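In: okay, predicted coordinates and the sequence, questions at the end:
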Amino acid sequence: DGIFSTDLGICQCVNVTADLRRDEWLTALIKAGFDAKKKSVFVAEGVLEYMAAKDVQRLLSTVRDACVGGSWLIAECPNVVNVNTKEMHDIWCILGAQRMVTGFDVPRQEILERYGFTEHQEVNVLGTGESNYKQRCPEAYVEYQTQTKPMMDDPVARIQLFRGMKAESGVSFAMDNDGNDEKSQ
C-alpha cells in the first residue's frame, strides 16, 4: 500500500511553452489536455527562485486552485540568505546560473502549509537525507548543513527540496485584498 500506491496511475507528461509569471500558462495546459478533476503532480525545479515573490504567490495560488485533493507539489528553492548574499551570487554565476531573486527559509510553512499541500510533507536540505542520492555529497558539506536546522532568518545558505500532497478535506483558500491567503471551511 503506502503513499505512492495511489490512483495517480501512469501519468501523461505534456510539455507546454508558457510564461509562468502570467495566468495564460493554465489555459495552455488545459488546451494540452490537463484535467483539473484528476489528481496531478506539479514540479517546480529551478523555477521559483528566478521569479519575483508576487509572481511566485500567483503561480502557487493558481496551482493550488487548479488541482484536486490528492495532487502533489514538488519543488526546490534556496533560502533567503542564499539569494541575498554577494558570495552566493558569485558562486551561482560561476556555475552558470542567473541571479536568484526569491528565497524561502521555511518552505513547509511558507509554501506547503500556505497553499494547502499539507499531507505527506517532506523537506530536505540539498545533500542531506533522501536528497543525498547515493551519498554523493561530500561529508563535510552534509555535516555543515546538518549542524543547525533551517529556520526563519537562517544564516546558513541552503537549497531545500520539498513536497506535499494537497489535502482532500473541505478546506478552501482565497486571497484577501492584501494578497494574503485566508482559509475557509
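Out: Great, that's in hand. Numbering: from 1, shown residues only.
In: pick out the residue closest to the middle of this protein.
Out: Of all residues in the chain, the one closest to the mean position by Cα atoms, centre = their mean is A75, 3.3 Å from it.
In: how about that one: what's its closest non-neighbour residue?
Out: Nearest residue to A75, sequence neighbours excluded (Cβ to Cβ, 6 or more residues apart in numbering): A44, at 3.9 Å. Using the backbone N, CA and C atoms, a C-beta is placed for each residue, glycine as well.
In: my guess is that neighbour contacts V56. True?
Out: No. Taking contacts as Cβ atoms under 8 Å, A44 lies outside contact range of V56: 9.0 Å.
In: more crowded one of these two?
Out: More crowded of A44 and V56, by other Cβ atoms under 10 Å: V56, with 23 against 20.
In: helix or strand: which one has the more buried one?
Out: Using DSSP states H and E, V56 maps to helix 53-66.
In: send the alpha carbons of that helix over as CSV?
Out: The C-alpha trace of helix 53-66 is given here as CSV (Å, rounded to 0.1, in the frame of the first residue of the first chain):
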residue,chain,number,x,y,z
ALA,A,53,7.8,37.0,-4.9
LYS,A,54,4.4,38.3,-6.2
ASP,A,55,4.7,36.0,-9.2
VAL,A,56,5.6,33.0,-7.1
GLN,A,57,2.5,33.7,-4.9
ARG,A,58,0.3,34.0,-8.0
LEU,A,59,1.8,30.8,-9.6
LEU,A,60,1.3,28.8,-6.4
SER,A,61,-2.2,30.1,-5.8
THR,A,62,-3.1,29.0,-9.4
VAL,A,63,-1.6,25.6,-8.9
ARG,A,64,-3.5,25.2,-5.6
ASP,A,65,-6.8,26.3,-7.2
ALA,A,66,-6.2,24.2,-10.3
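In: buried residues of it, list them for me.
Out: Across helix 53-66, burial judged by 16 or more other Cβ atoms under 10 Å covers D55, V56, Q57, R58, L59, L60, S61, T62, V63, R64, A66.
In: touching it from outside, list them.
Out: The contact list for helix 53-66, computed with Cβ atoms under 8 Å, 6 or more residues apart in numbering, reads 20-21, 23, 25-26, 34, 36, 42, 44, 48, 51, 73, 101-102, 111, 114-117, 166, 173, 175, 179, 181.
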